[in-house]
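**Student:** give me the fold of what follows.
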Amino acid sequence: MTLKGAKVVVVGMARSGVAAVELLRENGAIVRAVDQTPMAIDGIPVDPQSEAAFDDADLIVLSPGVPADLPELSAAKRRGVKIIGDLELASWFLQGEIVGITGANGKTTTTALTGHILKESGVAAQVGGNIGRPPASMVNTSRADQLNVLELSSFQLETTVSFRAHIGAALNVTPDHLDRHYTMENYAAAKSRLFVNQREGDFAVLNHDDAVTRGYANLTKGAVRWFSSTHAVNPGAFLDGSQILLDAAPLMDASEVPLKGTHNLENTMAAAAIASLAGATHSQIRAAVMTFPGVEHRLEFVRERNGVAWYNDSKATNVDASLKAIAAFPGGLWIILGGKDKNSDYTPLAAPLKEKAHAALLIGAAAEKIRAQLSGEVRMIACRTLEAAVHEAHARAVGGDTVLLAPACASFDQFENYEHRGREFKRLVGEL
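**Tutor:** Residues are numbered from 1 along each chain as shown. Down below sits the predicted model:
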């Protein structure tokens, strides 16, 4: 649609919303910013979120944090007003091909690693999306000869219409955000939007070990590249004993990957497959992987004190992510669990915690639900706050133990976001 002179309402004034407002104004739209909390942000006046705010809208742009079934949008939907997300908006203007990476877990690490490999291999790329820069803020720095590597959440993908990724990757689809999507089917369908507009000449990089992502092969018109940590696949990447093979040729030994856990070998294989499609060679990929520093708040080593290792996995905001974190350690765990519940089932944590954990230290609003679902399987200690959990773990852990923050919950009950939670954990641990 033509934006010049169009009346556009942007809902949600976090970073993505502010970037969308700026992009729309640059293209001649008449923009109204709306949020649950009316204020002025970066000089942008913000109106209260109400049905009346959308009365004369020609287009409505939702930030990722705003649900598509927002009640105040009902009248606008009945009038046939087009409603999109900030990712769809940005895709109208981004120059250069798009690499889109999604998954319940691992997408931040895989996106950052892909960007690192491409940079080290001399392939022009900028990185953003759900990691770092909002898509709309990447438009002015995009070029026809440069890739746009985007981490994409289900919240961003569910409101796409014409968005298309030249290379799309789905790492896994396990229960997450069911407080927003309500069912696994809805959640999986939102992720699938990454592939429905692909065409011949495009590529889908898919986890062959995950039934949902394997099914996405039926949705794309692009060529499929697989990855697997359990069996051979071709074309694609797989783990053969201790060796990672890419397109049937040796890439590197698994021990050379600096990230802990089998899930990070899967992330590495996905990033390698993407980078190879973008023009990186096997030797370039191997060298870049070996120099990757990792991602903050993802199995991040914080410090060792008196023989006790402390790890920050604040980005483990769902049960599957916590399971992957637990699997990366042999045992001796004091694990900090809890936060804002996302309509999750915590019972899958019972068996691995019974095997590997001394105790679970419970914090936040979900503590009682976690206690009820894990009762009798693992020792649980009520701590309420992160600070109390850190001091409790410090008092109890002995040499050889590991204290792991892998909450299996969102952070919004006590923190601004998972980064805030992770930084606070690191501060508390650093002060011990």
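**Student:** how about the helices in the stretch 201-350 of the chain?
**Tutor:** 211-215, 262-277, 282-290, 319-327, 350-356 (DSSP state H, counting those that start in this stretch).
**Student:** please, where are all the strands along the stretch 301-432 of the chain?
**Tutor:** For the stretch 301-432 of the chain, the strands defined by DSSP state E, counting those that start in this stretch occupy 308-312, 333-338, 357-363, 380-384, 402-405.
**Student:** those into JSON lines, with extra columns for mean neighbour count, distance to Ser137 and mean pLDDT?
**Tutor:** Placement of C-beta: from N, CA and C, glycine included. Converted to JSON lines, the strands of the stretch 301-432 of the chain look like this (neighbours: other CB atoms under 10 Å; distance: least, CB to CB, whole Å; pLDDT from 0 to 100):
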{"stretch": "strand 308-312", "mean neighbour count": "23", "distance to Ser137": "27", "mean pLDDT": "97"}
{"stretch": "strand 333-338", "mean neighbour count": "28", "distance to Ser137": "33", "mean pLDDT": "98"}
{"stretch": "strand 357-363", "mean neighbour count": "24", "distance to Ser137": "34", "mean pLDDT": "98"}
{"stretch": "strand 380-384", "mean neighbour count": "17", "distance to Ser137": "38", "mean pLDDT": "97"}
{"stretch": "strand 402-405", "mean neighbour count": "28", "distance to Ser137": "30", "mean pLDDT": "98"}
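**Student:** okay, the ones you listed in TSV with distance to Ala271 next?
**Tutor:** Shown next, in TSV, are the strands of the stretch 301-432 of the chain (distance: least, CB to CB, whole Å):
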stretch	distance to Ala271
strand 308-312	22
strand 333-338	27
strand 357-363	30
strand 380-384	36
strand 402-405	24
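**Student:** which one of those lies nearest to Ala57?
**Tutor:** strand 333-338 (39.9 Å; CB to CB).
**Student:** and the nearest residue to Arg15 once chain neighbours are set aside, what is it in contact with?
**Tutor:** Leaving aside its sequence neighbours, Arg15 sits nearest to Pro134 (CB to CB, 6 or more residues apart in numbering; 5.3 Å). Contacts for Pro134 (CB atoms under 8 Å, 6 or more residues apart in numbering) come out as Arg15, Ser16, Ala19, Ala20, Asp86, Ala90, Gly128.
**Student:** so which of these belong to helices?
**Tutor:** Of the contacts of Pro134, the ones assigned to helices by DSSP state H are Arg15, Ser16, Ala19, Ala20, Asp86, Ala90.
**Student:** pLDDT value on the residue nearest to Arg15, please?
**Tutor:** In this prediction, Pro134 carries a pLDDT score of 96.
**Student:** and for Ile244?
**Tutor:** 98.
**Student:** please look at Asp413 and Lys340 and confirm they touch.
**Tutor:** Yes - counting by CB atoms under 8 Å, Asp413 does reach Lys340; the two are 4.3 Å apart.
**Student:** done for today, thanks.
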